[in-house]
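**Q** Predicted model follows, preceded by the sequence.
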Amino acid sequence: MNAQPPIELHAEPGHLMRRAHQIAVATFHEVHGREVTPVQYAILRALLKEPGIDQVTLAQRVALDTSTTADIATRLEKKGWIVRHLRPRRQRSLELTDEGHRIVGGLLPNVNAMNALLLQGLDPAEQETFLQLLRKFVRLSG
């Protein structure tokens, strides 16, 4: 049996992606505080772009399963940030409330600063390559 020794931990893609996720979440909270989570932010941004979309479509837009999306939507509704309207066939459409607009509007001005922090170790060409590769990876994996 020709078993090769495992590669170093810091060369494993899964480990590097987990670390990148930790860094992204920590940077999000550093810039935006802890009132909103990164997943809640994604949902709020999706609803800002497409008010009134149904929960299934929202789940697809933010790459979550439908039950997780429904749980988060329930929490956001309790916070007063979104409203859910019952549609035919038990579907729910979602939209931001005035408070939800205020919350996401308060986050948007700092998005570029957060992105700059995340990418600060890369030169502009590396940043573009990195983002292209991330987009390609999530399209192939999702």
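**A** Received the coordinates, thanks.

**Q** hey, let's count contacts and neighbours off CA atoms from now on
**A** Will do.

**Q** for V83, helix, strand, or coil?
**A** Taken by DSSP: H, G, I helix; E, B strand; the rest coil, the conformation at V83 corresponds to strand.

**Q** and the gap between it and L47?
**A** 11 Å (CA to CA, to the nearest Å).

**Q** Next, show the common contact partners of the two.
**A** Both V83 and L47 are contacted by 94-96, under the criterion CA atoms under 8 Å, 6 or more residues apart in numbering.

**Q** Now render these as a markdown table, adding pLDDT and secondary structure.
**A** Formatted as a markdown table, the shared contacts of V83 and L47 follow (pLDDT from 0 to 100; DSSP: H, G, I helix; E, B strand; the rest coil):
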| residue | pLDDT | secondary structure |
| --- | --- | --- |
| L94 | 96 | strand |
| E95 | 97 | strand |
| L96 | 98 | strand |
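
**Q** Can I get those residues in TSV including neighbour count?
**A** Converted to TSV, the shared contacts of V83 and L47 look like this (neighbours: other CA atoms under 10 Å):
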residue	neighbour count
L94	21
E95	23
L96	26
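
**Q** Just the pLDDT for L108.
**A** L108 is assigned 96 on the pLDDT scale.

**Q** what's the burial count for it?
**A** L108 sits with 13 neighbouring residues when counted by other CA atoms under 10 Å.

**Q** mind showing which ranges of this protein have poor pLDDT?
**A** The model of the chain has pLDDT under 70 over residues 1-2, 141-142.

**Q** Mind naming the longest helix for it?
**A** Using DSSP state H to assign secondary structure, the helix with the most residues in the chain is helix 13-32.

**Q** So which bits of that helix are buried?
**A** Using 16 or more other CA atoms under 10 Å as the test for burial, helix 13-32 gives 24, 26-29, 32.
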